[in-house]
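give the three-dimensional model of this entry:
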Amino acid sequence: MGSAQGVLRELAAVLGLRLEADRSAKQQAGPFIELLLQVREELRRAKQWALADRIRDGLAELGVTVEDGKDGTTWKAR
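The predicted model follows:
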């Protein structure tokens with residue numbers, strides 16, 4: 001497991017959540033990723049590009065690909 005995944009699990013544990021290292025982990029992480037993407041969208045509307053990029057880049061380090069398109073933002077976990 002990469003260090004970024006370890007940090008994500010530690011942070012989730014603080015919230016009383018347990019992220020499993022299987023397919024259900026992606027499902028459990030989904031609401032957190034959606035929340036981060038909502039915050040990122042608000043930052044983009046406020047032209048806070050550096051912070052919005054930081055969220056996208058941080059998710060990429062955790063194995064989440066964020067794609068912006070004409071119909072909105074989508075994501076995929078690797």
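
how near is residue 43 to residue 6?
26 Å (C-beta to C-beta, to the nearest Å). Every residue, glycine included, has its C-beta placed from N, CA and C.

for residue 74, same thing?
Per C-beta to C-beta, residue 74 is found 26 Å from residue 6.

repeat that for residue 55.
Residue 55 is 19 Å from residue 6, where distance means C-beta to C-beta.

so for those two, which residue has more residues nearby?
Shown here are residue 55 and residue 6; by other C-beta atoms under 10 Å, residue 55 has more neighbours (18 against 10).

just the element for the closest residue to the more buried one other than its chain neighbours, please.
Leaving aside its sequence neighbours, residue 55 sits nearest to residue 40 (C-beta to C-beta, 6 or more residues apart in numbering; 4.4 Å). For residue 40, the host element (DSSP states H and E) is helix 23-45.

and what of residue 59?
In this assignment (DSSP H and E), residue 59 forms part of helix 49-61.

next SSE after that helix?
strand 64-69.

direction included, what does that next one pair against?
Strand 64-69 sits in its sheet next to strand 72-77 (antiparallel), going by DSSP bridges.

next one: the partner strand to chain centre, how far?
Distance of strand 72-77 from its chain centroid, counting by C-alpha atoms, centre = their mean, to the nearest Å, is 10 Å.

state the mean pLDDT of it.
Averaged across strand 72-77, the pLDDT comes to 93.

quick one: contacts of it?
By C-beta atoms under 8 Å, 6 or more residues apart in numbering, the residues outside strand 72-77 that reach it are 26, 29, 33, 37, 40, 41, 59, 63, 64, 65, 66, 67.
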